[in-house]
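[1] Show me how the following folds:
(2 chains)
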There are 2 protein chains.
Amino acid sequence: MNDEMYEPLTVKTLGSRLVGIDAVNSILGHDLSKWSVNEVGDGNLNLVFIVKSELGSVIVKQALPYVRLVGDSWPLPLKRAFFEYHALIRQAERDPGSVPKIYHFDETQAIIVMEFFTPHIILRYSLIAGNKHEGLAKVLGNFCARTLFRGSDLSMKAAKRKADVALFAENIELCDITETLVFSDPYFDAERNHHNSALEPLVASLRADVDLKVEAHHLKAKFCNNAQTMLHGDFHTGSVMVTKTDTKVIDPEFVLYGPMGFDIGMLFANFWMSYFSQPGHASKVGQRDDYQEWILSVVEEVWNVFIMEFSCLWRTERTGILYERSLFEDQGHDLGSEQALEHRLKEIWQDTLGFAGIEIIRRTLSLAHNADAETISDEALKTQCEACGLVLGRQLVINRSDLHSIKEVHDQIRNIQKGKQI
Amino acid sequence: MNDEMYEPLTVKTLGSRLVGIDAVNSILGHDLSKWSVNEVGDGNLNLVFIVKSELGSVIVKQALPYVRLVGDSWPLPLKRAFFEYHALIRQAERDPGSVPKIYHFDETQAIIVMEFFTPHIILRYSLIAGNKHEGLAKVLGNFCARTLFRGSDLSMKAAKRKADVALFAENIELCDITETLVFSDPYFDAERNHHNSALEPLVASLRADVDLKVEAHHLKAKFCNNAQTMLHGDFHTGSVMVTKTDTKVIDPEFVLYGPMGFDIGMLFANFWMSYFSQPGHASKVGQRDDYQEWILSVVEEVWNVFIMEFSCLWRTERTGILYERSLFEDQGHDLGSEQALEHRLKEIWQDTLGFAGIEIIRRTLSLAHNADAETISDEALKTQCEACGLVLGRQLVINRSDLHSIKEVHDQIRNIQKGKQI
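    Numbers count the residues shown, from 1 in each chain, chains lettered A, B, ... in the order given. Predicted coordinates for the structure are as follows:
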């Protein structure tokens, strides 16, 4: 067999296939007998292994030619590893320390060998467990501000940005998943959909809601056409790893050029779904009340950190072709650049709310649901959690231009949970 | 010398270099002694030759490695011929008969051999001469509707559109000309600018106008990031060829993926500049009054034809990933798709006005001015023409969301010319 032909790794073959690669050996050492290999089973799409030795540890992620969760009936190109690799190196440049270091990339084998974060766990599960995390909002807000700003025409040279637009435009199949599962399937009886049958009346009313569908597709048009910046593309609480005090971002294989509000919107949606799910994870009524408020405080802080850092970058790193300093500051028109910043932040805010609504609705009606709700064993509480999400989702999509502050949104969320608006 | 190395054509070498190419011979015949070759000197960027024989005629267009108008101090890649070729074949598919047929394309030599339109002349010069043209608005309106709709996610398969976005994203240097000369240079004292010194007070007030600069850059951001469809990219009255009854579109080498309103906006701007220029071309006062109204009637008809054809395509050819029929018509929600169409048309309208304003301002203050004004020998009339344009330009950029109909815009234009708003 040709060495260069793609072959999936197994726990047994991984060591012999990777030993001898300098960058891998420099972490794990050359002595294969000291390596331990474990497959991590929780990815939807890929093979993921943790490899450890006395000297260190790495994550080995390998794309499969199909969706792991579904099997070979749903083919998916290996090239997604290439896009993830290119996203990771750009994110590392733009927000150093926020994403795993890459030790080795093999395009043919669709393998990325990267930093293993330990004792980190996936944020989504930590929120289900009711854990608080220091510094979480700061890392997430800065990550959004820095990657969104520095991947855009506000910062990059036009030729470099255009080359990246072309590069990531090839990530067609993963974009297609978002375009279909996120923006279209939830709004009609699509084949891969499933939902909690207790939600049936609410689902029927949402699918009959023409305004909602039209607005959802205005947002889809924005997602598809508005190549403002390099997005993570799948920035939910399952793509964040945490300890009590540390936060890292992983898994950008859905990377694309798209509108700035998409990543933040998806993130907020997943925090808000976690909020609604908390009663389902409480050991007694009211036990998670304080924790729910902590979740909202994180979202509020993410937004505030985002605004602060984005504004700082706007004022100090605006080296791209939009709103050039030569036209504003250099002419004594600082006021103009501040006016333009306000305009951009307002647009990001409205898009954030809209995309958040889209994400909540799809996580309840389309193929991929959230563990936050799915792991609630009490059916009534699960239904209540999902119904609150759907009500909020519709509200955000339809009324995103009438919601002016995060506090206003959080008041609505509290009211929706109290049943006042259902 | 390697045959494959790029070499500019001359009147002397053209025949021997092109004879023997089947597609060329099939038009001109094999007998080189019967070919006549003339260089057409009026292109800003390229070499253009008309080649005729008793059997037929062709245009031979060859890119130079620099801007022809300026010389080799301003290099420009040969690859623009490749982009023009790819734009032309797509426009021909999307609106058959509107653009020159291509007989031969040589990528290395940056040569396109294409249909010679005769006795067509450039629309800009025909408008200066005061000629009317039957069917002009219909061709231009349909061209816009068909190319803009059929090059977008409303019509194309997502994978095909993404491949085209990537392809045309490489047209960096020509886009850079638009990004710089159209959207930035006019708003400060940039090196390549020049303007009529009699406009100085008006120019100073425009360059001190922070709101105008901010809005101009919101439009630039849209131009750079909003890859809605394949644009012609340079759709002014110099890119249209006409006879009394026929209309053709040429020269799409500035092709890019961008916002739908850009092409129409540029076209309208050039008609409106022609309107203001008419008194400068009249042989006596009032002689062109009727002709000016004819120009406005053309613009109005272009817009109406555009709306009608775009709406028709929306209702019958919406085969892309946006506003899918499966979500609307197939669910009995035709109302929703009509609502979405109105929304899209409104967006295109506002963008059209904004980009029209941008185009007028840059044609008066930046590097490339229009023959419409430049050929006016009476300095006072020339100044009046340019001043009216600048006033309209600012008005369109700043107030584009408050102008609701083409009639309203045309009333303003008439008033501006009467000096009521200067």
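[2] Relative to A:Arg80, how far out is A:Leu181?
    A:Leu181 sits 16 Å away from A:Arg80, going by Cβ to Cβ, to the nearest Å. Quick note: C-beta positions are derived from backbone N, CA and C, even for glycine.
[3] where along the stretch 1-150 of chain A do the helices fall?
    Across the stretch 1-150 of chain A, reading from the start of the chain, the helices by DSSP state H, counting those that start in this stretch fall at A:11-18, A:22-28, A:80-94, A:123-129, A:136-150.
[4] Tell me which of those helices sits most buried.
    When you average the neighbours per residue for each of these (mean count of other Cβ atoms under 10 Å in any protein chain shown), helix A:136-150 leads with a mean of 24.
[5] next helix or strand past that one?
    Going down the chain from helix A:136-150, the next helix or strand is helix A:158-169, by DSSP states H and E.
[6] Does anything pack onto that next one? Which helices or strands?
    If you count contacts as 3 or more Cβ pairs under 8 Å, 6 or more residues apart in numbering or on different chains; DSSP states H and E, helix A:158-169 packs onto helix A:80-94, strand A:256-258, helix B:158-169, helix B:172-177.
[7] And the contacts of it?
    With contacts defined as Cβ atoms under 8 Å, 6 or more residues apart in numbering or on different chains, helix A:158-169 is touched by A:83, A:86-87, A:90, A:151-153, A:156, A:227, A:230, A:255-257, A:320-321, B:162-163, B:165-167, B:169-170, B:172, B:175-176, B:179, B:224, B:227.
[8] returning to what we had before: would you turn the helices of the stretch 1-150 of chain A into JSON lines with distance to B:Ala145 and mean pLDDT?
    Listed next are the helices of the stretch 1-150 of chain A as JSON lines, based on distance: least, Cβ to Cβ, whole Å; pLDDT from 0 to 100:
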{"stretch": "helix A:11-18", "distance to B:Ala145": "56", "mean pLDDT": "96"}
{"stretch": "helix A:22-28", "distance to B:Ala145": "55", "mean pLDDT": "96"}
{"stretch": "helix A:80-94", "distance to B:Ala145": "35", "mean pLDDT": "98"}
{"stretch": "helix A:123-129", "distance to B:Ala145": "47", "mean pLDDT": "98"}
{"stretch": "helix A:136-150", "distance to B:Ala145": "34", "mean pLDDT": "98"}
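[9] Would you reformat the ones you listed as CSV and include distance to A:Glu293?
    Converted to CSV, those look like this (distance: least, Cβ to Cβ, whole Å):
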stretch, distance to A:Glu293
helix A:11-18, 44
helix A:22-28, 41
helix A:80-94, 31
helix A:123-129, 13
helix A:136-150, 14
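[10] of all those, which lies closest to B:Glu54?
    helix A:80-94 (56.4 Å; Cβ to Cβ).
[11] Let's see stretch A:213-220 as CSV, backbone CA atoms only.
    Extracted C-alpha coordinates of stretch A:213-220, given in CSV (Å, rounded to 0.1, in the frame of the first residue of the first chain):
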residue,chain,number,x,y,z
LYS,A,213,-38.9,32.3,8.1
VAL,A,214,-38.3,35.5,6.1
GLU,A,215,-36.1,37.0,8.9
ALA,A,216,-34.2,33.6,9.3
HIS,A,217,-33.4,33.8,5.6
HIS,A,218,-32.3,37.4,5.7
LEU,A,219,-29.8,36.2,8.3
LYS,A,220,-28.9,33.2,6.1
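[12] Tell me if I'm right that A:Phe235 and A:Asp263 touch.
    Yes. With contact defined as Cβ atoms under 8 Å, A:Phe235 reaches A:Asp263; the gap is 4.1 Å.
[13] Pull up the overlap in contacts between the two.
    Going by Cβ under 8 Å, 6+ apart, residues that sit against A:Phe235 and also against A:Asp263 are A:Cys144.
[14] Quick check: A:Leu353 touching A:Leu403?
    Yes. Using Cβ under 8 Å, A:Leu353 and A:Leu403 qualify as a contacting pair, with a distance of 5.8 Å.
[15] ok, the two, which is more surrounded?
    Under the criterion of other Cβ atoms under 10 Å in any protein chain shown, the comparison of A:Leu353 against A:Leu403 puts A:Leu353 first, with 25 against 15.
[16] Which secondary structure state is assigned to the residue nearest to the more buried one when sequence neighbours are not counted?
    Using Cβ to Cβ, 6 or more residues apart in numbering or on different chains and skipping residues adjacent in sequence, the residue nearest A:Leu353 is A:Arg400, 4.0 Å away. When the structure is reduced to helix, strand and coil (DSSP: H, G, I helix; E, B strand; the rest coil), A:Arg400 reads as helix.
[17] Now do the end-to-end distance for stretch A:118-135.
    By Cα to Cα, to the nearest Å, the extent of stretch A:118-135 from end to end equals 17 Å.
[18] residues in contact with it?
    Contacting residues not belonging to stretch A:118-135 are listed as A:42, A:57, A:136, A:236-238, A:240-248, A:270-271, A:274, A:277-278, A:281, A:288, A:291, A:294-295, A:370-372, A:375 [Cβ under 8 Å, 6+ apart].
[19] Take those residues and keep only those in helices.
    Taking DSSP state H, the ones among these that sit in helices are A:Leu136, A:Asn270, A:Phe271, A:Ser274, A:Ser277, A:Gln278, A:His281, A:Tyr291, A:Trp294, A:Ile295, A:Ala371, A:Asp372.
[20] on that earlier part again, could you identify the buried members of the contacts of helix A:158-169?
    With neighbours counted by 16 or more other Cβ atoms under 10 Å in any protein chain shown, these contain buried members at A:83, A:86-87, A:90, A:151-153, A:156, A:227, A:230, A:255-257, A:320-321, B:162-163, B:165-167, B:169-170, B:172, B:175, B:179, B:224, B:227.
[21] and the closest residue to A:Val99 other than its chain neighbours, what is it in contact with?
    Spatial nearest neighbour of A:Val99, excluding adjacent residues (Cβ to Cβ, 6+ apart): A:Gln91 at 4.6 Å. For A:Gln91, the set of contacting residues under the criterion of Cβ under 8 Å, 6+ apart consists of A:Ser98, A:Val99, A:Phe143, A:Thr147, A:His232, A:Val249, A:Pro252.
[22] can you tell me how far A:Gln91 sits from chain B?
    Taken as Cβ to the nearest Cβ, to the nearest Å, the spacing of A:Gln91 relative to chain B amounts to 20 Å.
[23] what's the answer for A:Ser57, then?
    If you go by Cβ to the nearest Cβ, the gap between A:Ser57 and chain B works out to 37 Å.
[24] can you check A:Leu55 too?
    A:Leu55 is 42 Å from chain B, where distance means Cβ to the nearest Cβ.
[25] Excluding chain neighbours, give the residue nearest to that residue in space.
    Using Cβ to Cβ, 6+ apart and skipping residues adjacent in sequence, the residue nearest A:Leu55 is A:Gly29, 4.6 Å away.
[26] Torsion angles phi and psi at the one you found?
    Backbone geometry at A:Gly29, expressed as degrees, to the nearest 10, gives phi 80, psi 170.
[27] and it, how many neighbours?
    Neighbour tally, A:Gly29, other Cβ under 10 Å: 15.
[28] how about the residues of the stretch 301-422 of chain A that lie near chain B?
    Those residues of the stretch 301-422 of chain A that sit near chain B, judged by Cβ under 8 Å from any Cβ of the partner chain, are A:321-324, A:326-328, A:330-331, A:333, A:335-336, A:339-340, A:343.
[29] taking the residues you listed one by one, which sit in strands?
    Secondary-structure check on those using DSSP state E: no residue lies within strands.
[30] Out of those, which is nearest to B:Leu202?
    Taking Cβ to Cβ as the measure, A:Gln331 is the one of those closest to B:Leu202, at 17.2 Å.
[31] That closest one - nearest residue in space that isn't next to it in sequence?
    Of all residues beyond its chain neighbours, the one nearest A:Gln331 is B:Phe188 (6.0 Å), with distances taken as Cβ to Cβ, 6+ apart.
[32] hang on, isn't the one you found packed against A:His333?
    No. Taking Cβ under 8 Å as the contact criterion, B:Phe188 and A:His333 are not neighbours in contact, 9.5 Å apart.
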